[in-house]
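> Provided below for reference: sequence and predicted model.
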2 protein chains.
Amino acid sequence: MKSWNTAILLFDGVEVLDFAGPFEVFSRARLTPGVESRRVDDGAPFQVFTVAMDAREVRATGGLRVMPSHTFADTPRIDLLVVPGGFGTRALIEDEPTLEWVRRVSAQAELTTSVCTGAAVLARAGLLKGRRATTHYASYDWLGSLDPTIKVERGVRFVWDGVVTSAGVSAGMDMAFEVVAMRCGEAVAQETAEYIEYRRT
Amino acid sequence: MKSWNTAILLFDGVEVLDFAGPFEVFSRARLTPGVESRRVDDGAPFQVFTVAMDAREVRATGGLRVMPSHTFADTPRIDLLVVPGGFGTRALIEDEPTLEWVRRVSAQAELTTSVCTGAAVLARAGLLKGRRATTHYASYDWLGSLDPTIKVERGVRFVWDGVVTSAGVSAGMDMAFEVVAMRCGEAVAQETAEYIEYRRT
């Protein structure tokens, strides 16, 4: 199985669990069960890294300081894109270079996903046109207002309609496990969940 | 209510969700429900920050790059200490300056907690002597071997016995919600869980 290069977008005001939850799930997935297989990253089904517009430190919600591993200018091939949410998406959807990067990466990626209000970024990039999608419960109307062709689904954990969008914050972990299951099989997803002692919703 | 200064220990090889889960829960807890109260950190019941031995970048599991907000030498008063786990704890329990810092902080803090194999650090610091405690399921025996007076509890989500220890990785979020409930009441814990769309275990 080809390993999927998995890029998680970082930006000021990104919600911590929005990016850290999928980072944890994808980076800990292993085809071989148990603790030992997690000690090395070689052969893992997902090679996970963070990406930001430039190399500067990112301030996540609550003040967590994160350094991106790549910039828009120097990312390797991206097979799986994760766009997290957070209060910072309000500014991000006005940032044309980010939208252009998301469009370009998404066009070449195997799969594009969002967590929480990351869906707003995908909407503004035009990637949810005519699709079913979801977001944090407080942003259903906002998402719909960004592109009236989106069929906003309420009260669901995630929506898989070509692009995969998740509900708020922690739902990104369930979305990630679903992607692991699709890519590696349900047994791998379940064993990874057990490894991090997570009960999937 | 006095805000609790909440320090989350960082070190190379810390598991991402071990620190990011409690960071999310504590930093998003609010006495006032809803989205708006989350836009500012003033008056929040927990002021959350990361701490590491020195100011250098920390490499978490999977290669996530995190900058600590404080060092051992410059932390403000710490009311609540969170010691996460991860493969890095194997080296950390041999690091006397870290153990000494944990001992000193814990002696002055209102509450000391751990996630996953962070319990091993508390054990080596002598903080679990004669107590009931838990850790990641793959490390029950290891924890017991570090201090035979610990009563290791298996198959539980967290153990509250003066010091609060959690099971593996994602269990740290349930532990954090329990601390929020103890400090701010069950309604605040539950509303915070709903805000991040998390179903507590």
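That came through, no problem. Numbers count the residues shown, from 1 in each chain, chains lettered A, B, ... in the order given.

> so who does the residue of chain A most remote from its centre touch?
Going by CA atoms, centre = their mean, the residue of chain A most distant from its centre is residue A:36, 26.4 Å out. Under the criterion of CB atoms under 8 Å, 6 or more residues apart in numbering or on different chains, the contact list for residue A:36 is empty. Every residue, glycine included, has its C-beta placed from N, CA and C.

> could you rerun that using 10 Å?
Going by CB atoms under 10 Å, 6 or more residues apart in numbering or on different chains, residue A:36 touches A:30, B:138.

> tell me the phi and psi of the residue nearest the centre of chain A?
Closest residue to the average C-alpha location of chain A: residue A:82 at 2.4 Å, with CA atoms, centre = their mean. Dihedral pair for residue A:82: phi -120, psi 120, per degrees, to the nearest 10.

> quick check, it in contact with residue A:106.
No - using CB atoms under 10 Å, residue A:82 is not in contact with residue A:106; the gap is 11.3 Å.

> touching both of these two, which residues are there?
Joint contacts of residue A:82 and residue A:106 (CB under 10 Å, 6+ apart) are A:112-113.

> show me where chain A has its strands.
For chain A, applying DSSP state E gives strands covering A:4-9, A:46-52, A:58-59, A:65-67, A:70-71, A:80-83, A:111-114, A:132-133, A:151-152, A:158-161, A:163-166.

> strand A:4-9 and the second one, what's the angle between them?
By that I understand strand A:46-52. Angle, strand A:46-52 to strand A:4-9, by axes from the mean of the first three to the mean of the last three CA atoms, to 10 degrees: 30 degrees.

> is strand A:46-52 in proximity to chain B?
Yes - counting by CB under 10 Å from any CB of the partner chain, chain B is contacted by strand A:46-52 at A:46-50.

> cool, and the fifth one?
No - residues of strand A:70-71 contacting chain B under CB under 10 Å from any CB: none, with a closest distance of 10.7 Å.

> check the average confidence over that strand, would you?
Averaging pLDDT along strand A:70-71 gives 98.

> try the fourth one
Averaged over strand A:65-67, pLDDT sits at 98.

> ok, and what's touching it?
By CB under 10 Å, 6+ apart, strand A:65-67 touches A:10, A:14, A:16, A:19-20, A:50, A:52, A:55-60, B:20, B:49-50, B:57-60, B:64-69.

> run through the bridge partners of residue A:161.
When bridges are called by DSSP bridges, residue A:161 pairs up with residue A:163.

> burial count for it?
15 (other CB atoms under 10 Å in any protein chain shown).

> does it touch residue A:122 like I think?
No - using CB under 10 Å, residue A:161 is not in contact with residue A:122; the gap is 11.4 Å.

> and for those two, which residues touch both?
A:128, A:131, A:133, A:150.

> quick one: contacts for the last one?
In this case it means residue A:150. Residue A:150 touches A:119, A:122-123, A:128-135, A:143-144, A:161, A:165, counting by CB under 10 Å, 6+ apart.

> what's the answer for the second one, then?
If you count contacts by CB under 10 Å, 6+ apart, residue A:131 has them with A:122-123, A:147, A:149-151, A:159, A:161-163, A:165.

> of the residues you listed, buried ones?
Buried by 16 or more other CB atoms under 10 Å in any protein chain shown: A:122-123, A:147, A:150, A:159, A:163, A:165, out of the contacts of residue A:131.

> in JSON lines, list the contacts of residue A:131 along with pLDDT.
Formatted as JSON lines, the contacts of residue A:131 follow (pLDDT from 0 to 100):
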{"residue": "A:122", "pLDDT": "98"}
{"residue": "A:123", "pLDDT": "98"}
{"residue": "A:147", "pLDDT": "97"}
{"residue": "A:149", "pLDDT": "98"}
{"residue": "A:150", "pLDDT": "98"}
{"residue": "A:151", "pLDDT": "98"}
{"residue": "A:159", "pLDDT": "97"}
{"residue": "A:161", "pLDDT": "97"}
{"residue": "A:162", "pLDDT": "96"}
{"residue": "A:163", "pLDDT": "98"}
{"residue": "A:165", "pLDDT": "98"}
